[in-house]
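Visitor: Only the shape, not the letters, is given here:
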């Protein structure tokens with residue numbers, strides 16, 4: 001019942017945000033070596049600092065994989081650390097371009113014995129339903145949650161994702177597909193373990209999607225983007241403050257750079273940024 005667990009953690013901490021720990025090596029504070037080991041140590045130190053403040057964290061398999069074999073070891077260690085600290089953990093899956101690849105990833109990441117323990121996995125659904133289907137048994141059995149990309153927050157996303165497809169926008173078609181599977185894995189709190197990744201930068205989209213898909217949980221991505229703000233993000237939530245989580249990355253991980261610090265106090269800046277994001281969101285979202 002993972003999606004229920006996420007919502008319970010959000011309710012307990014009164015914080016509907018998620019920290020994404022992904023950044024280039026040259027954005028690491030100077031105390032960390034610009035390699036796999038330094039990156040892993042940075043992530044785990046940040047987890048320690050944000051414990052009890054942020055209910056969920058997001059990591060990228062691809063980011064660690066680019067650091068080689070040692071990077072994947074650091075990913076496994078970081079995911080285990082996050083779990084031991086009580087975080088809900090989301091992992092961006094490797095790129096999936098075929099049903100065979102999807103089956104392999106589902107077996108590797110949704111297995112109880114997975115080397116990369118996580119509560120939820122992010123995949124793109126734009127290759128169609130046969131990319132999503134291999135993950136459905138794990139969702140139905142309550143083992144994992146699946147976050148399927150529908151609308152991303154990057155500047156050029158509207159070039160494709162906001163095109164008209166008949167009377168619908170393309171990203172709405174994507175959520176229609178997600179919603180088709182959602183009833184197969186409903187949680188006790190009224191939201192499916194088959195969820196959608198949506199964009200913090202598109203207020204009207206979030207408002208429309210929340211109204212049309214009351215049982216679909218939203219991972220609202222891109223709080224850091226220039227056109228995103230807490231009020232926009234609030235449209236993804238229901239009247240009880242449930243049904244969504246907002247993901248912020250550089251606003252937390254690089255807060256020390258934004259403060260023009262030398263990095264020695266990076267953790268203090270990260271914690272302050274996380275607290276600030278929580279405060280901004282809860283101005284518009286009341287979590288009951």
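Guide: Yep, it's here. Model, not experiment: these values are computed from the prediction. Residues are numbered from 1 along each chain as shown.
Visitor: residue closest to the middle of the chain?
Guide: residue 58 (5.1 Å; CA atoms, centre = their mean).
Visitor: Does that one touch residue 20 like I think?
Guide: Yes. Using CB atoms under 8 Å, residue 58 is in contact with residue 20, at 4.3 Å. No exception for glycine: its C-beta is placed from N, CA and C like everyone else's.
Visitor: Mind listing the shared neighbours of the two?
Guide: residue 247 (CB atoms under 8 Å, 6 or more residues apart in numbering).
Visitor: what ranges do the helices span in the protein?
Guide: Ranges of helices in the chain, per DSSP state H, are 2-13, 36-50, 61-65, 69-84, 99-109, 129-132, 136-140, 158-161, 170-181, 203-212, 230-234, 250-253, 255-258, 266-282.
Visitor: and the ones you listed, which one is worst for confidence?
Guide: Looking over the helices of the chain, mean pLDDT reaches its minimum on helix 158-161, with a mean of 87.
Visitor: Tell me how many other residues surround the nearest residue to residue 164 once chain neighbours are set aside.
Guide: Nearest non-adjacent residue to residue 164, counting by CB to CB, 6 or more residues apart in numbering: residue 170, 7.9 Å away. Using other CB atoms under 10 Å, residue 170 is surrounded by 17 other residues.
Visitor: Next: the one 5 residues further on.
Guide: A count of nearby residues for residue 175, using other CB under 10 Å, gives 26.
Visitor: Leaving out sequence neighbours, find the closest residue to it.
Guide: residue 150 (4.8 Å).
Visitor: Same check on residue 134?
Guide: residue 106 (4.0 Å).
Visitor: how about that neighbour, what does it touch?
Guide: Counting by CB under 8 Å, 6+ apart, residue 106 has contacts 134, 135, 138.
Visitor: what pLDDT does residue 1 get?
Guide: At residue 1, pLDDT is 55.
Visitor: which other residues reach stretch 36-46?
Guide: With CB under 8 Å, 6+ apart, stretch 36-46 has contacts from 19, 21, 25, 28-29, 32, 59, 64, 67-68, 70-71, 73-75, 77-78, 81, 252-253, 267, 270.
Visitor: mind checking how far that stretch is from the chain centre?
Guide: 19 Å (CA atoms, centre = their mean, to the nearest Å).
Visitor: May I see the buried residues of that stretch?
Guide: 36, 38, 39, 40, 41, 42, 43, 44, 45, 46 (16 or more other CB atoms under 10 Å).
Visitor: Farthest-apart pair in these, please.
Guide: Farthest pair in these (CB to CB) is 36 and 46. Separation: 15.9 Å.
Visitor: returning to what we had before: closest one to residue 123 out of the buried residues of stretch 36-46, please.
Guide: Once CB to CB is applied, the member of these that ends up nearest residue 123 is residue 43, at 21.7 Å.
Visitor: Distance check, the closest one against residue 130.
Guide: 33 Å (CB to CB, to the nearest Å).
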